[in-house]
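A.B. asks: please find the sequence and the predicted model below.
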Amino acid sequence: MERPYQQCALTVMDTIADPDITFDENGISNYYHAFKKAEREFVFTGAEGDRRLKDLVDKIKAEGRNKPYDCIMGLSGGVDSTYVAYQAKQLGLRPLAVHFDNSWNSELAVKNIENIVSRLGLDLYTLVVDWEEFRDIQLSYMKASVVDIEVVSDHGIFTTLYKLAKKYKIKYVLSGNNVATEYIMPRSWLFNKMDHVNLRAIHKRFGTVPLKTYPVYDTALKKYCHDILQIRTVTMLDYMPYNKKAVKELIAKELDWRDYGGKHYESLFTKFYQAYILPEKFHIDKRKAHLSTLICSGQMTKEEALKELAQPLYTPEALKLDYEYVLKKLGLSTSAFEAIMKLPPKKHTDYPIERGVFDRFPVLRPLKPLARMIRKV
Amino acid sequence: MLAIIDYGVGNLTSILNMFKRLGVEASITSDLATIRKAGKLMIPGVGHFDKCMQNFNASGLRPAIEEIKAEGNTPILGICVGAQMMTRRSEEGVENGLGWVEADTVRFQLDPSLGLKVPHMGWTDVSAAQPASPLFKNIPEEPRFYFAHSYHFRFYGEDLSTATCDYGYSFTCAFQKGNLFGVQFHPEKSHRFGMSILTNFAAL
Amino acid sequence: MKRIRIIPALLLINDGLYKTVQFKNPGYVGDPINTVKIFNEKGADEVVVLDITATRDKKPINYRKIAEIAGEAFMPMAYGGGIKTFEEAQKVFNAGYEKVILNSAAAENPALVGEIARVYGSQSVVVSIDGKKDWLGRYKVYTANGSRSAGKSPDVYAQEMEAAGAGEILINSIDRDGTWEGYDLALVKMVSKAVSIPVIACGGAAGMDDFRKAITEGGASAVAAGSMFVYQKKGMGVLISFPAQSLKV
């Protein structure tokens, strides 16, 4: 039986966004409370934030001495990564900027990246993944009917970062992830981005093009990064006030950054995925999570969020153009694409997933601490 | 519906692509019934003047299109040689033009000291006559268009010029006579400037 | 002051875009459809697409693919690679291209140039000439993606092509390709002085200064470049760019 519709008293999260959402006696959702908890635990602003950030930066600088780069970061041209690049430079860090080019870049994205790297004097490494391969994995995910098609891009980005970190012995990955603008996200909307087993299984089942250049985060690389290099992810935006509107104005002024008009719209596929595939097939409107986060961090009122949600994700004209473009790029006929849209959604876990050796062999579990010790030695 | 006349010459796909992008319903056609029903006609043209005229004459479409033109209710736009065909003749060949406007198509006579090459090929600034003709309404600033031609219009009698440009000397690159329009440049290959022209034409 | 056409020259191998250095070591640049879409939005003056292995591998032209590429372009498009007959050129025009570019086929069968020009006009036929210095320092024409010597000097050859009906010459320096060392101005000048049709300089450009020199010193009418439009800078990552300012000389 379906539950009656209910929306969070404070945010715009509701029973459509997450059928398992819970509400307290005041009608406030678990998402609000989870946000406030995360904010208390992970966000440090003011003097405390400055101190922690300075410690981190000093450490990164010290450990990166005599290396060509002391940290590494992904650069998509979006607000978060742009601001990270700007802050890193302000703090005197020497990041290697890495861009993962999956052949879906918008002109705005490449222009932003061009402006950022030239204004900040950053070195840019681009991994251009072979489009025939990338298309094949994207199509595999679509045919697999799983929700998180963006795993394909995210897995590639992170793996590229880790591979380069390994190459240059870089221990710190600067991440644009932050609590203030993107903490809220129902689990059912995403899947583990680093699960190479799930990725390979889905591709093996539905794909046809062998993966030769697509970077896979396999067990060996994972072990190296975790245990040998001990890479640390630095979520530096949690150590400073992060107001989206103010930051956009700042990077527009300082770096000639231009707005895409939507979170993660730097990629034409991501735009189509978020504004068409997700709402049409999976009944997911990611704006609810993004806007709710902004409400929780006091950057927006609920009224403003509701007003924005009332706007259509696509105008009919824009949808038609993007629809045709995406299908042309993927080599799908309208009927083939519509058939994919009509497939019943499946869980990622309907396909093989990565399990640690102790999950696979529960009998060995008591040996886990010992194994960890041995690995450290 | 807008009919792009297919009489066997020209890069029709590009024109259709741009209309698609603009959300304008258009089709490439050599079907008389479709042409008669169409709200607007486009006559493309590329290559040799004689070859275009011969094809047009042999297509069997000419009488119907001349009838539509005579009725005067349907906007007709000629592009490049498609517009040159509306003149009386061209120095490029021996075939008669359609003679819809009192003009000839003549070869560039450039002063050799200018060092300019023929064909005139590339992007050139265009100045639209004021007040702007319907095709040039709300055109983006510093309008420029893609040209690729060795011959241009020369008008006699009534001045039908709606835009000029300069290549060695100033020449008419767009004209209008009632519902009849001609442009020497290629709007379908001129980015936002061309889109603006085709949007205006579609809105007539 | 004249507006000078700045032309990204994109190299196709199978269905992917690549960039070479001195016609060798192709590096992957991405999917041509998205790349041309980006150049279109950047307002590139014109785009040249060259399939650099079509002739060598005797591959049929993938008309569907090149039509999909042209479908993103609201600017002039030229295609070259593997065109040997009038019918093939015709199909390229029908795919949405204004110009065909002939290289090996023009050398082997100059009559083809005129055959196409008579129907589609000379402005629609570009002959591309790949030039390289021999061991005596004399410029020589090469065909089949630089693999075969035509045994001719570029100026003489360019004149033959103009006489055959070509409307434009694309002069490419094999030695400078992908080097960011600037155009081979002597080669560009040699060809542009020899013909009265427009000449496009190609090979070695690293910036606007090179463009300007190709026009003022080399006598070219337009400029083409590869590396500087697909890489952030020399030795750096792939990043599509195009000058925001028009070039007026």
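C.D. replies: Alright, I've got the coordinates. Numbering: from 1, shown residues only, chains lettered A, B, ... in the order given.

A.B. asks: just give me the neighbour total for residue 59.
C.D. replies: Here I'm looking at chain A. 15 (other CB atoms under 10 Å in any protein chain shown). C-beta here means a position set from N, CA and C on the backbone, and glycine is covered the same way.

A.B. asks: right idea, wrong chain: chain B
C.D. replies: 16.

A.B. asks: show the pLDDT at it.
C.D. replies: pLDDT, residue B:59: 95.

A.B. asks: with residue A:254 instead?
C.D. replies: 96.

A.B. asks: and what of residue A:259?
C.D. replies: Note for residue A:259: predicted pLDDT of 89.

A.B. asks: please, which helix or strand holds it?
C.D. replies: Assigned by DSSP states H and E, residue A:259 belongs to no helix or strand.

A.B. asks: residue C:64 too?
C.D. replies: Using DSSP H and E, residue C:64 falls in helix C:63-70.

A.B. asks: assign the closest residue to chain B within the stretch 251-377 of chain A to helix, strand or coil.
C.D. replies: Residue nearest to chain B within the stretch 251-377 of chain A (CB to the nearest CB): residue A:317, separated by 5.4 Å. Under DSSP: H, G, I helix; E, B strand; the rest coil, the three-state class of residue A:317 is helix.

A.B. asks: what's the neighbour count on it?
C.D. replies: When neighbours are counted by other CB under 10 Å, residue A:317 registers 11.

A.B. asks: if we can go back for a sec, now do the helix holding residue C:64: distance to the chain's middle.
C.D. replies: Put simply, helix C:63-70 sits 18 Å off its chain's centre (CA atoms, centre = their mean, to the nearest Å).

A.B. asks: still on that earlier bit, okay, the residue of the stretch 251-377 of chain A closest to chain B and residue A:323: tell me how far apart.
C.D. replies: Residue A:317 is 11 Å from residue A:323, where distance means CB to CB, to the nearest Å.

A.B. asks: give me the neighbour count for residue 168.
C.D. replies: Assuming you mean chain A. 16.

A.B. asks: actually chain B
C.D. replies: There are 14 residues near residue B:168, going by other CB under 10 Å.

A.B. asks: surely it touches residue B:108?
C.D. replies: Yes - here residue B:168 reaches residue B:108: they are 6.5 Å apart, a contact under CB atoms under 8 Å.

A.B. asks: now the residue in chain A that chain C sits nearest to. Nearest residue, chain neighbours left out?
C.D. replies: Residue nearest to chain C within chain A (CB to the nearest CB): residue A:126, separated by 3.0 Å. By the measure of CB to CB, 6 or more residues apart in numbering or on different chains, the closest residue to residue A:126 outside its immediate chain neighbours is residue C:237, 3.0 Å from it.

A.B. asks: got the phi and psi for the spatially most central residue of chain B?
C.D. replies: In chain B, the centroid-proximal residue (CA atoms, centre = their mean) is residue B:79; its distance is 2.4 Å. Main-chain dihedrals, residue B:79, degrees, to the nearest 10: phi -120, psi 130.

A.B. asks: please apply the same query to the one 10 residues further on.
C.D. replies: When read as degrees, to the nearest 10, the backbone of residue B:89 gives phi -160, psi 170.

A.B. asks: can you tell me which residues contact it?
C.D. replies: B:95, B:96, B:97, B:104, B:105 (CB atoms under 8 Å, 6 or more residues apart in numbering or on different chains).

A.B. asks: let's see it at 6 Å
C.D. replies: Residue B:89 makes contact with B:97, B:104 under the criterion CB atoms under 6 Å, 6 or more residues apart in numbering or on different chains.

A.B. asks: got the residues of chain B near chain A?
C.D. replies: residue B:23 (CB under 6 Å from any CB of the partner chain).

A.B. asks: return the distance of the helix or strand hosting residue A:37 from the chain's centre.
C.D. replies: Taking DSSP H and E as the criterion, the element that holds residue A:37 is helix A:30-42. The chain centre lies 19 Å from the centre of helix A:30-42; the measure is CA atoms, centre = their mean.

A.B. asks: who does it touch, helix- and strand-wise?
C.D. replies: helix A:179-182 (3 or more CB pairs under 6 Å, 6 or more residues apart in numbering or on different chains; DSSP states H and E).

A.B. asks: just the CA trace of the helix it packs on, in PDB.
C.D. replies: Only the C-alpha atoms of helix A:179-182 are listed here, as PDB (Å, rounded to 0.1, in the frame of the first residue of the first chain):
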ATOM      1  CA  VAL A 179      27.700  19.600   3.300                       C
ATOM      2  CA  ALA A 180      26.300  23.100   2.800                       C
ATOM      3  CA  THR A 181      25.100  22.700  -0.800                       C
ATOM      4  CA  GLU A 182      24.800  19.000  -1.500                       C
END
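
A.B. asks: so how far is it from its chain's centroid?
C.D. replies: Counting by CA atoms, centre = their mean, helix A:179-182 comes out at 12 Å from the chain centroid.

A.B. asks: pLDDT score assigned to the residue lying farthest from the centre of chain B?
C.D. replies: Most distant from the centre of chain B: residue B:113, at 30.1 Å, with distances by CA atoms, centre = their mean. Residue B:113 is assigned a predicted lDDT (pLDDT) of 90.

A.B. asks: what do you get for residue C:145?
C.D. replies: So residue C:145 comes in at 88 (pLDDT).
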